[in-house]
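Engineer: Predicted model and sequence follow; I will ask about them next.
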Amino acid sequence: MKPDNGAYLDSLGWYYYLKEDYDEAIKHLLRAEELMAEDAQEDSVIYEHLARAYLGKGDRDQARRFCERALGIEPDKAELKELRELIEKGE
């Protein structure tokens, strides 16, 4: 109903992530990120979701990039630290 709502697009992207449709997840998550940037907002959750989707796809470089962006916003968040370790371990 609101195709330009970043939060809704994030949720839609996460839905596709959970279905392991990583390309579709990334498409929606990148659009959510773009909309948030237009509003001069950064969202660690969208970055985390992008990192997980790229990791699911096997793209560790992009996963690392978005994980680091999320950590830049929330450096003490345990889930993000665990995600960074997962990316670095190559599992």
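Structural biologist: Thanks, I have the structure now.
Engineer: Low-confidence regions, the protein specifically.
Structural biologist: For the chain, the stretches with pLDDT under 70 are 1, 40, 91.
Engineer: Who are the packing partners of the longest helix along it?
Structural biologist: Taking DSSP state H as the criterion, the chain has its longest helix at helix 22-38. Counting contacts by 3 or more C-beta pairs under 8 Å, 6 or more residues apart in numbering; DSSP states H and E, helix 22-38 packs against helix 6-18, helix 44-57. All C-beta atoms are positioned from the backbone trio N, CA, C, and that covers glycine.
Engineer: Could you give me the buried positions within that helix?
Structural biologist: Buried residues in helix 22-38, counted by 16 or more other C-beta atoms under 10 Å: 22, 24-33, 35-36.
Engineer: That helix: how far from the chain's middle?
Structural biologist: 8 Å (C-alpha atoms, centre = their mean, to the nearest Å).
Engineer: quick one: that helix to helix 44-57, angle?
Structural biologist: 160 degrees (axes from the mean of the first three to the mean of the last three C-alpha atoms, to 10 degrees).
Engineer: Mind listing residues that contact helix 22-38?
Structural biologist: 4-7, 9-10, 12-17, 42-43, 46-47, 49-50, 53-54, 56-57 (C-beta atoms under 8 Å, 6 or more residues apart in numbering).
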